[in-house]
Structure formats: structure tokens, C-alpha cells
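Engineer: here is my input; please provide its structure:
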Amino acid sequence: MDLTRYHRLVLPADANHHGTLYAGSYDGSLYALDTDTGRARWSYAVGGRISGSATVVDGIVYVATLAGGSYGIDTRSGVQLWHSPIGYYSPVAASSNAFYLVGASSLSRLHTIHP
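Structural biologist: Numbering: from 1, shown residues only. Model (predicted):
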């Protein structure tokens, strides 16, 4: 897979889910890349550099930005389903009923991860 065409991708622990690689970038976008071809399925601009890992749960890929804020993007369409001003680096853990966000000096637990 040729990732050189994507500007400054961050792959600390990428999310690879059902043949799609989800990776954030310092250009402020989240990319969904086909793992076989390397082609973009979609991209979504979150408005801030993404420095941490993506997390996929129940068809939603979650990322946080260095500008503060976390986003939930539909894995199939690339449409934003969820946003929170909480979060700074990356989602650290997720389960079927909870989602934990890392802030600059806090850890926040959301009771549900569904929009």
C-alpha cells in the first residue's frame, strides 16, 4: 500500500477494520483507506491535527484532535455522527456501552457511544 500520497499520516496504532485502515493526519483529516489498494474510500476534515489512534466500535470510527474535541464518523459513509469538545489525543478505550476520552489533564467516561 502506498501511503506517500497522504500528507503526514499518523499511524501510532491505526485502526484496521473489515478491509479499511482508518488513520488521522496532521492535515486535519481522517482517512479511510482500502487495505488492498491504498486508495481512499473517504476522508473527513475534523478541523484540527489528529495525533492519536483511531478507535472503531459498532460501525463508528472515533478520533480526537490536538485542537481539542473528539469525533465519531460513520465507517461506511464518512459522515460525522457525533462530536464532543472533550478529548485531546486519542480515545483510549471503548466497549459496547462506554467510551473513554483523554484530555490534556483529564480522563472522561461517556456512558454511551451511540449518537
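
Engineer: where do the strands of this structure begin and end?
Structural biologist: Along the chain, the segments classed as strands by DSSP state E run 9-17, 20-25, 29-34, 40-45, 55-57, 60-64, 70-74, 80-84, 91-94, 99-102, 107-110.

Engineer: what count of nearby residues applies to residue 69?
Structural biologist: Neighbours of residue 69 under the rule other Cβ atoms under 10 Å: 18. Bear in mind the C-beta positions are built from the backbone N, C-alpha and C, glycine included.

Engineer: correct me, but it touches residue 83?
Structural biologist: Yes. Here residue 69 reaches residue 83: they are 6.6 Å apart, a contact under Cβ atoms under 8 Å.

Engineer: how many residues are close by the closest residue to residue 31 other than its chain neighbours?
Structural biologist: With sequence-adjacent residues excluded and distances taken as Cβ to Cβ, 6 or more residues apart in numbering, residue 31 is closest to residue 43, at 4.9 Å. For residue 43, the count of nearby residues is 15 (other Cβ under 10 Å).

Engineer: isn't residue 43 up against residue 30?
Structural biologist: Yes. Contact criterion Cβ under 8 Å: residue 43 and residue 30 qualify, at 6.7 Å.

Engineer: show me what counts as buried in stretch 18-31.
Structural biologist: Neighbour counts over stretch 18-31 (16 or more other Cβ atoms under 10 Å) mark 20-25, 28-31 as buried.

Engineer: all set, thanks.
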